[in-house]
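Participant: Provided below are the primary sequence and the corresponding predicted coordinates.
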Amino acid sequence: MIKVEKLDVVFGANKSRNHVVRNVSFDVASGETLGIVGESGCGKSTVLRALAGIEAGWTGSIAFDGRPIGKIRTRDELLRAQMVFQDPYGSLHPRLRIGTALAEPIRSMGLGDGWDQAQRALVQVGLPAAFANRFPHELSGGQRQRVAIARALILEPAILLLDEPTSALDVSVQAEILNLLADQKDERNLTFVLVSHDLSVIAHMCNRVLVMKDGTFVDELTQRDLEQGITHADYSRQLFEASFL
């Protein structure tokens with residue numbers, strides 16, 4: 001479903017040049033959940049932003065379902081992959097009602113006014129349809145993240161890109177959101193790329209994990225490796241040991 005070859009992302013120039021992602025290649029099978037882990041600033045979120053079309057300053061190649069994807073996305077390409085961000089409050093406009101925010105992708109794609117779809121999308125993520133008339137500040141953090149997931153799914157993408165989707169939430173709510181994502185993945189046969197620093201989340205959700213350090217992948221772990229605590233690189237071992245201290 002996803003094939004990335006020799007992806008490079010550089011910010012700035014000369015003395016301020018920062019080579020964030022370095023010659024990264026990977027693929028994700030249809031229906032698979034791939035995890036990317038690493039310390040803050042290693043480049044994992046930048047990879048997601050390049051996949052989503054938010055970051056255009058990349059070189060290399062990206063393909064979805066065997067079709068090359070350009071830096072400037074067509075409408076069809078935008079429909080294929082949607083993103084859920086880390087902060088559910090920051091990713092929703094504070095002055096827009098929830099229904100308006102959910103309907104915006106539908107309107108942007110010229111598929112109608114989106115209000116009916118917005119109400120259905122709320123129900124699909126376990127919220128009352130009446131929440132369409134509320135503002136983001138009237139919802140809890142977990143409810144806002146459900147809205148963010150509904151907004152990402154409303155265009156029925158094949159790929160969902162998840163950037164630390166539970167890290168801004170209380171521990172008691174995290175499991176609810178992860179279960180919601182797992183249910184939606186099964187119902188819709190979605191392909192996930194999940195970025196997280198929380199290895200318990202990664203182990204719970206992912207079929208396979210890439211470990212990132214300084215813009216490159218230094219290790220690849222299977223689900224069995226995760227279950228048995230097996231690593232193949234010193235950095236991976238240090239990362240896992242630190243996470244369980």
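Facilitator: Nice, I can see it. Residues are numbered from 1 along each chain as shown.

Participant: if I've got this straight, residue 5 is in a strand?
Facilitator: Yes: read with DSSP: H, G, I helix; E, B strand; the rest coil, residue 5 is one of the residues of a strand.

Participant: Confirm for me that it is in contact with residue 61.
Facilitator: Yes: here residue 5 reaches residue 61: they are 4.7 Å apart, a contact under CB atoms under 8 Å. (Each C-beta comes from the backbone N, C-alpha and C, glycine too.)

Participant: Look at residue 178 and say how many residues are nearby.
Facilitator: For residue 178, the neighbour count with other CB atoms under 10 Å is 19.

Participant: how much space between the residue nearest in space to the middle of the chain and residue 194?
Facilitator: Nearest residue to the geometric centre of the chain (CA atoms, centre = their mean): residue 162, 1.6 Å. According to CB to CB, to the nearest Å, residue 162 and residue 194 sit 4 Å apart.

Participant: Can you tell me, leaving aside adjacent residues, what's nearest to residue 27?
Facilitator: Sequence neighbours aside, residue 3 is the residue nearest to residue 27 in space, at 4.6 Å (criterion: CB to CB, 6 or more residues apart in numbering).

Participant: The one you found pairs with what?
Facilitator: On the basis of DSSP bridges, residue 3 is bridged to residue 27, residue 63.

Participant: Which residues does stretch 183-191 contact?
Facilitator: 1-2, 28-33, 124-125, 149, 153, 156-160, 192 (CB atoms under 8 Å, 6 or more residues apart in numbering).

Participant: about what we covered before: close enough to count as contact, the residue nearest to the centre of the chain and residue 86?
Facilitator: No: counting by CB under 8 Å, residue 162 stays clear of residue 86, with 9.2 Å between them.

Participant: among the contacts of stretch 183-191, which ones are buried?
Facilitator: 1-2, 28, 32-33, 124-125, 149, 153, 157-160, 192 (16 or more other CB atoms under 10 Å).
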